[in-house]
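In: Sequence unavailable; structure follows:
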């Protein structure tokens, strides 16, 4: 999808060019020590998807203290705070809360205390930054008008948290007002202090599949009495690599990765089944449909070629949609970012093959989305690695046991970005109405 294919509205644009961001952000320095302590506490206590009870309780406690109307237990652990502040747009700020089943290897004094669990994707940063922004926006409500939603979502890592909140009645049961715009950010292995953006499709659709091949087991010394599912599945693994190489046009993008292969328990027994798990990433629905169909076709063909009595079984483990940024919203919020941070802090990036479910919150509301990347790595280390052409080797990526963003300026920049983006979409408050009218004139 090109930029011209995305739509947006400027009717609800907030106080661009006004002094509102500076005024609302003024107390941040005084709140930073508390936010650092919160972040380190969240990092020490990671919780997996739909198990984020401790994190959710802290989010609800802080939102309540800031004057938000708080709803808890949405889809189990989801939390939403709503702050109504006069007429104007409804702006939803979203943070995901879940950690990963990763053993931390950072050596930090605030490393995870939970064996086999780690905030290896930076969702503790997201929660901290949104709570900081929610606090500042509540304290600075004289500078904006409208309704603000602070949404803390479970289970992003498995791709089902946003959908679960929607299915639980997030909008249909009016747990929160239907938003006019959805804004979100994700910490990334970029230099801290940078914001990266991508108009249009910015993150891939992802489908994780489990394919079970069925054979006939038997003794390893008599393979002629068996139908070997290991050979069947191994042939599939090799052949499925041809889907991207030979069935996807060079102008399109797709990734097919086999990440798990399990069969048998001992050396001298041919098992009766083999299980393969794979991930598919695409940016276009037509390409996605074609790739999934090709995978199914190849799996069935390999079973037939092996003489299997039963076709393979395919289970969809999780599914993420394409994340699409609204170009108008992106451009106008970026104008606010440029004014606040300077043009040198913003950089464009190519669509990423990682995946996200934040877009579902926007799609379900019929609202535009802007989702940007927040730099989180030590700026000097990042610059050195970039200059040496060694980013992939020297800078740990999300999901790595070494991925721990630097606290400053990551938290500061994250709070500032969410706050400024929200103010850009909200209407001017009484303190800025005259100034905003002059700037728009």
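Out: The structure has been received and is ready for your questions. Keep in mind that this is a model prediction, so the values were computed, not measured.

In: For the stretch 101-250 of the chain, which residues score under the pLDDT cut-off?
Out: Confidence mapping of the stretch 101-250 of the chain against pLDDT under 70 gives zero matching residues.

In: And the helices in it, which stretches?
Out: Along the stretch 101-250 of the chain, counting by DSSP state H, counting those that start in this stretch, helices occupy 123-139, 161-167, 229-240, 242-247.

In: so which of those comes closest to residue 206?
Out: Between residue 206 and these, the shortest separation by C-beta to C-beta is 13.5 Å, and it involves helix 161-167. (Glycine included, C-beta is placed from N, CA and C.)

In: Go through that closest one and flag the buried ones.
Out: 161, 162, 163, 164, 165, 166 (16 or more other C-beta atoms under 10 Å).

In: Just name whatever secondary elements that helix is in contact with.
Out: Taking 3 or more C-beta pairs under 8 Å, 6 or more residues apart in numbering; DSSP states H and E as the contact definition, the neighbouring helices and strands of helix 161-167 are strand 78-85, strand 144-153, helix 358-365.

In: As TSV, the ones you listed with distance to residue 351 and mean neighbour count would be great.
Out: Rendered in TSV, the data for the helices and strands packed on helix 161-167 read as follows (distance: least, C-beta to C-beta, whole Å; neighbours: other C-beta atoms under 10 Å):
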stretch	distance to residue 351	mean neighbour count
strand 78-85	28	22
strand 144-153	22	27
helix 358-365	13	23
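
In: Nearest to residue 22, out of those?
Out: Counting by C-beta to C-beta, residue 22 lies closest to strand 144-153 out of the helices and strands packed on helix 161-167; the figure is 13.3 Å.

In: so what secondary structure elements neighbour that closest one?
Out: In terms of contacts (3+ C-beta pairs under 8 Å, 6+ apart), strand 144-153 is packed against helix 53-65, strand 78-85, strand 90-96, helix 123-139, helix 161-167, helix 358-365, helix 410-425, strand 427-428.

In: so can I have a markdown table of the ones you listed showing distance to residue 217?
Out: Shown next, in a markdown table, are the helices and strands packed on strand 144-153 (distance: least, C-beta to C-beta, whole Å):
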| stretch | distance to residue 217 |
| --- | --- |
| helix 53-65 | 43 |
| strand 78-85 | 45 |
| strand 90-96 | 43 |
| helix 123-139 | 43 |
| helix 161-167 | 38 |
| helix 358-365 | 42 |
| helix 410-425 | 53 |
| strand 427-428 | 68 |
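
In: And the residue most central in space within the chain, what's its pLDDT?
Out: Among the residues of the chain, residue 356 comes closest to the average C-alpha position under C-alpha atoms, centre = their mean, at 3.9 Å. With respect to pLDDT, residue 356 has a value of 94.

In: residues contacting it?
Out: For residue 356, the residues meeting the contact criterion (C-beta atoms under 8 Å, 6 or more residues apart in numbering) are 156, 186, 203, 320, 323, 371.

In: Using neighbour counts, pick out the buried residues of the longest helix seen in the chain.
Out: Once the chain is assigned using DSSP state H, the helix that runs over the most residues is helix 285-305. By neighbour count, with 16+ other C-beta under 10 Å as the criterion, the buried positions of helix 285-305 are 287, 288, 290, 291, 292, 294, 295, 298, 299, 300, 302, 303.
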